[in-house]
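Enquirer: what's the 3D shape of this:
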Amino acid sequence: MTARRTALITPSYFGDYERCQLLCDSVDRFIDGPVDHYILVDAHDHDQFLGLRGPHRHVINEEDILPNWLHAVKQGTRQDARRLWWSFRTWPMRGWHVQQLRRIAIANYINHDALLYCDSDMLFVRPFSVSDLWRGDALRLYRKPNGIGPQLPDGGKLHMLWTRSAARLNGLPKPDFPAHDYINNLVSWRRQDVVDMCAHIEMQTGKHWAAAIGSNRSFSECQIFGAYSDGVLGGKGVWHAPTGLCKTYWSGAALDREGVGDFARNIEPNQVAIGIQSFTNTNPEILRALIEA
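Expert: Next comes the predicted model:
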């Protein structure tokens, strides 16, 4: 059987550059064999990230993959000034919105069988082979059963909003809660399914897929794809994994060296990476020790 080709996909931005370097170093150390790695950034950050390029690592300017009617404007002259993306087809969007659109858009520009999305503020800490994502012809899809609902700390309001909009974009009935959770910072999708999902959304909404998604004030690309994969395709071509490959520290105070060490030691047997959200302000040099240890 011909080996399946899997690409790593990482949306990033100027503020996460040092953490993205750490991710790249961890990929080079822990991923089994050469794997194409695509880093997706906006036009203002493109030159900054060119130093990360290598034989199998590519830096992609969003202007080459997103519609030309979506425009980014810096709100100031500093390199780290906040951006706002605007068009006449969507709500104004922030960087984290557009990072989600990039993750979808790249599927139309490469020809790999699978896309493994790696957030730029995570890093691998154990050896991992992308071939482990496959069971025969089925690709791993993270799905936490009944993970979204009022049991979440904020009552689940935002996650339920994302789930409702995902169903609407895919032409599915309003979801019942609790609903499945497809959100993690290390997830794999079948590339052709992403391409087909875009065509399906356009058929359902009569809009370009990016315009349809961006017409929502808030959305989750993971919930949109999960709704398509399970709700439209009926789970064809995937096997469901109820636990994520990455253990994530979502919020809280900055972790010191001891805290990072304790967090990394407590990952589950099937987990191969940790994510320390950048806005916790944990020192990246403390995280580097996990790669070099």
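
Enquirer: Tell me where the model's unsure across the protein.
Expert: Residue ranges of the chain with pLDDT under 70: 1-2, 76-81, 293.

Enquirer: Helices of that one, residue ranges please.
Expert: Secondary structure of the chain by DSSP state H: the helices cover 17-30, 46-49, 95-105, 157-169, 191-205, 209-214, 221-226, 257-265, 284-292.

Enquirer: out of the ones you listed, deepest packed?
Expert: Most buried of the helices of the chain by mean neighbour count (mean count of other Cβ atoms under 10 Å) is helix 221-226; its value is a mean of 25. All C-beta spots, glycine's among them, are computed from the backbone N, C-alpha and C.

Enquirer: residues near His180, how many?
Expert: 20 (other Cβ atoms under 10 Å).

Enquirer: List the contacts of it.
Expert: Contacts for His180 (Cβ atoms under 8 Å, 6 or more residues apart in numbering) come out as 143-148, 226, 230.

Enquirer: switch to 10 Å and redo it
Expert: Each residue near His180 by Cβ atoms under 10 Å, 6 or more residues apart in numbering is listed here: 142-148, 163, 223, 226-227, 230-231, 240, 242.

Enquirer: from those residues, which is closest to Phe177?
Expert: Ile148 (6.7 Å; Cβ to Cβ).

Enquirer: is it true that that closest one touches Gly155?
Expert: No - taking contacts as Cβ atoms under 10 Å, Ile148 lies outside contact range of Gly155: 11.2 Å.

Enquirer: Please indicate which of the contacts of His180 are buried?
Expert: 142-144, 147-148, 163, 223, 226-227, 230-231, 240 (16 or more other Cβ atoms under 10 Å).

Enquirer: right, and out of the residues you listed, which lies closest to Tyr38?
Expert: Tyr142 (20.0 Å).

Enquirer: so the closest one bridges to which residues?
Expert: Ala241 (DSSP bridges).

Enquirer: Hmm, it is touching Thr243, no?
Expert: Yes - with contact defined as Cβ under 10 Å, Tyr142 counts as touching Thr243 (7.9 Å).
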